[in-house]
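> Sharing a sequence plus its predicted fold:
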Amino acid sequence: MSEVLSQNEIDNLLAALSTGELDVDQMQNADDKKVKDYDFRRPAKFSKEHLRTLEIIYEHYGRILSTTLPLYLRKNVTITVANSETVTYSEFSNALSNPVILGIVNFQPLQGQIILELQANIGFSFIDRMLGGEGTSIDRPRPFTDIEMPLIEKLVGICVQQMVEPWENVLAIDPLLERIETNPQFAQVISPTDMIAIVTLNIKIGDTEGLMNICLPYFTLESIMDKLNTKYWFSTMQKHNDENYEDHLESLVRRVDVPIKAILGKCQVSVNDFVHLQQGDIIRLDNHVNTEMHVYVGNIDKFTAMPGTSKDKYAVRVTSVIREEE
């Protein structure tokens, strides 16, 4: 129900109109409500906040890949987030080239799948580098051979496994690469009219530059949409105390391989004798056969031991531990 004006308010309003302080046309325009068209074929299921959170996640993902891929390629790799947008799946699939690298990923524990799309020139650059080349791509893309496909699967598998850490502040995921498709027609994992979020990464391997698109269907992310905001993302960042950090470091150190060597004895020989050594010659060491030998961990004298055999292999039996104070 509209507000009822008093007689004084009516008189003041008429006086303002007569003196020109109020413009009737301006008042009518102010009352008009702004109407925004809504496209029911492309409902806005992803907000700008959702896209911004996805960009933050995949910025972290790009930094991880930038340090992981050089271990396999032995070449600098630069990865940055180029863009994020929402489109229908049909628009995404129609824009794909042929051949293309499409990794169909089971995004466990979420329902549904996501797609990791990699341009063919990046795939050929990776193959060339893995086979000993300079990492250059080819001028005219062609279908991948049966020999090249296992290398492509290795590349996409590496990229998929590196998604675990960037997503841990939102959800603990366990992505699984189900298959690789090189023809877009065989990658219809969702309805063509379903909305998807696409995060585009720019990849540069040496002089070769290309794009990686992460296709995230709304159907897959629907159950965690409330968590895809920066406020939740930062509030749930895991904080490790010093004790847990020390335990984590200790667990990493325990898995480090260290060289161990056992020295039977030493001797000095001239260069002339060394050059003329023949099979059957005897080298006399400075230790007796019953004398304990020293076992070194790295360059540290750590154990004493007695020589012997175990299952037809040379072995040593540790007799004592040399402490640091000794």
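Received the coordinates, thanks. Residues are numbered from 1 along each chain as shown.
> can you pull the contacts of the nearest residue to Q113 once chain neighbours are set aside?
In space, and not counting its chain neighbours, Q113 is closest to V189: 5.0 Å by C-beta to C-beta, 6 or more residues apart in numbering. Using the backbone N, CA and C atoms, a C-beta is placed for each residue, glycine as well. By C-beta atoms under 8 Å, 6 or more residues apart in numbering, the contact set of V189 is I104, G112, Q113, I115, P217.
> likewise R142?
Counted by C-beta under 8 Å, 6+ apart, R142 has contacts P99.
> Use 314 as the first number from now on
Okay, using 314 as the starting number, the last item reads as R455.
> For it, give its distance to G519.
21 Å (C-beta to C-beta, to the nearest Å).
> one step back: which ones among the contacts of V502 are found in strands?
I417, Q426, I428, P530 (DSSP state E).
> Make a PyMOL selection of the buried ones in these.
Restricted to buried positions by 16 or more other C-beta atoms under 10 Å, the PyMOL selection for those reads:
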select buried, resi 417+426+428+530
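> okay, the ones in strands among the contacts of V502 in JSON lines with distance to L330 and pLDDT next?
Shown next, in JSON lines, are these (distance: C-beta to C-beta, whole Å; pLDDT from 0 to 100):
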{"residue": "I417", "distance to L330": "68", "pLDDT": "90"}
{"residue": "Q426", "distance to L330": "65", "pLDDT": "87"}
{"residue": "I428", "distance to L330": "63", "pLDDT": "89"}
{"residue": "P530", "distance to L330": "57", "pLDDT": "88"}
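> want to throw the ones in strands among the contacts of V502 into CSV with distance to G446?
Putting the ones in strands among the contacts of V502 into CSV (distance: C-beta to C-beta, whole Å) gives the following:
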residue, distance to G446
I417, 28
Q426, 33
I428, 28
P530, 36
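> Please confirm that E430 is located within a strand.
Yes: under DSSP: H, G, I helix; E, B strand; the rest coil, E430 falls within a strand.
> isn't it right next to C528, touching?
Yes: shown here, E430 and C528 form a contact pair, counting by C-beta atoms under 8 Å, at 6.4 Å.
> Check the gap between P422 and V469 for me.
Distance from P422 to V469, by C-beta to C-beta: 21 Å.
> Counting neighbours around each, name which of these two comes out higher.
V469 (24 against 10; other C-beta atoms under 10 Å).
> Quick check: buried residues in the helix or strand harbouring the more buried one?
Following DSSP states H and E, one finds V469 within helix 461-474. Residues of helix 461-474 classed as buried: E461, M462, L464, I465, L468, V469, G470, I471, C472, V473 (neighbour count, 16+ other C-beta under 10 Å).
> Turn the residues you listed into a markdown table, including distance to G621 and pLDDT.
Output for those, formatted as a markdown table (distance: C-beta to C-beta, whole Å; pLDDT from 0 to 100):
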| residue | distance to G621 | pLDDT |
| --- | --- | --- |
| E461 | 51 | 86 |
| M462 | 50 | 89 |
| L464 | 46 | 88 |
| I465 | 50 | 88 |
| L468 | 48 | 87 |
| V469 | 50 | 89 |
| G470 | 44 | 89 |
| I471 | 44 | 88 |
| C472 | 49 | 89 |
| V473 | 48 | 89 |
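> which ones are touching L409?
Applying C-beta under 8 Å, 6+ apart, the residues contacting L409 are L415, E430, P497.
> quick one: the last one and D570, what's the gap?
Going from P497 to D570 by C-beta to C-beta gives 44 Å.
> for M606, same thing?
For M606, the distance to D570 - C-beta to C-beta - is 22 Å.
> Equivalent analysis for N600, please.
Distance from N600 to D570, by C-beta to C-beta: 28 Å.
> Looking at these two, which has the bigger crowd around it?
Remark: of N600 and D570, N600 carries more neighbours, 15 against 5, as counted by other C-beta under 10 Å.
> what number of residues lie near the spatially closest residue to the more buried one that is not a sequence neighbour?
Excluding the flanking residues, the one nearest N600 by C-beta to C-beta, 6+ apart is G578, at 3.6 Å. G578: 14 surrounding residues under other C-beta under 10 Å.
> ok, now P572?
Neighbours around P572, by other C-beta under 10 Å: 8.
> Output the below-cut-off pLDDT ranges for the stretch 414-563 of the chain.
Along the stretch 414-563 of the chain, the model assigns pLDDT under 70 to residues 543-558.
> go with 50
553-555 (pLDDT under 50).
> Go ahead and confirm V631 touches K615.
No: in this structure V631 lies outside contact range of K615 using C-beta under 8 Å: 9.4 Å.
> Run through the neighbouring helices and strands of the lengthiest helix in the chain.
When the chain is parsed with DSSP state H, its longest helix is helix 361-386. On a contact count with 3 or more C-beta pairs under 8 Å, 6 or more residues apart in numbering; DSSP states H and E, helix 361-386 meets strand 390-401, helix 433-443, helix 461-474, helix 477-480, strand 508-518, helix 543-548.
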